[in-house]
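1. The following comprises the amino acid sequence and a computationally predicted model.
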Amino acid sequence: MKNFPKSWIYSSAYIVVDYKSREGALRYIVEAFDKETELLDFEVELPGGCEDQLAKIMAWSTPQRGHEGYNLSAAQLGAIEAIADREIHDQHHIFQLTCNAD
């Protein structure tokens, strides 16, 4: 079994951004989970072509491979809202960003 960083989170919901990496297409997904039930409540798709912005927001120093997951801070989510051109954050949800290989 591989040793994955403890900060990685694996789940199944969505803010999607597609782009081509060296290994193929990647999708970025922000997941909104209800704080009480921990169930996925909604997802928001981002426009393509914003991978460089996401890399800065998330402070990534290496390209994503398609199996990463991250908890989002309020500041990170606020910056992603600017990319999405809509308000996403609220007090009733936990937000996560995952990177998924197609």
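-> Here it is on my side, so go on.

2. what separates Leu72 from Ala25, distance-wise?
-> 22 Å (Cβ to Cβ, to the nearest Å). No exception for glycine: its C-beta is placed from N, CA and C like everyone else's.

3. remind me, longest strand of the protein?
-> Longest strand in the chain, counting residues (DSSP state E): strand 24-34.

4. Which strands or helices does it pack on?
-> Helices and strands touching strand 24-34, as assessed by 3 or more Cβ pairs under 8 Å, 6 or more residues apart in numbering; DSSP states H and E, comprise strand 18-21, strand 40-43, helix 51-58, strand 93-101.

5. List the buried residues in it.
-> 26-33 (16 or more other Cβ atoms under 10 Å).

6. got it, and stretch 90-102?
-> So stretch 90-102, judged by 16+ other Cβ under 10 Å, has buried residues 93, 95-100.

7. ok so, going back, and the longest strand of the chain with helix 51-58, angle?
-> 50 degrees (axes from the mean of the first three to the mean of the last three Cα atoms, to 10 degrees).

8. Can you give the strand pairings for strand 24-34, parallel or anti for each?
-> strand 18-21 (antiparallel), strand 40-43 (antiparallel), strand 93-101 (antiparallel) (DSSP bridges).

9. and of the ones you listed, who's closest to Pro63?
-> Closest to Pro63 of these, according to Cβ to Cβ: strand 18-21, at 5.8 Å.

10. Where does pLDDT dip in this protein?
-> 1-24, 102 (pLDDT under 70).

11. Could you rerun that using 80?
-> Within the chain, the ranges that satisfy pLDDT under 80 run 1-26, 45-50, 100-102.

12. Appreciated, that's everything.
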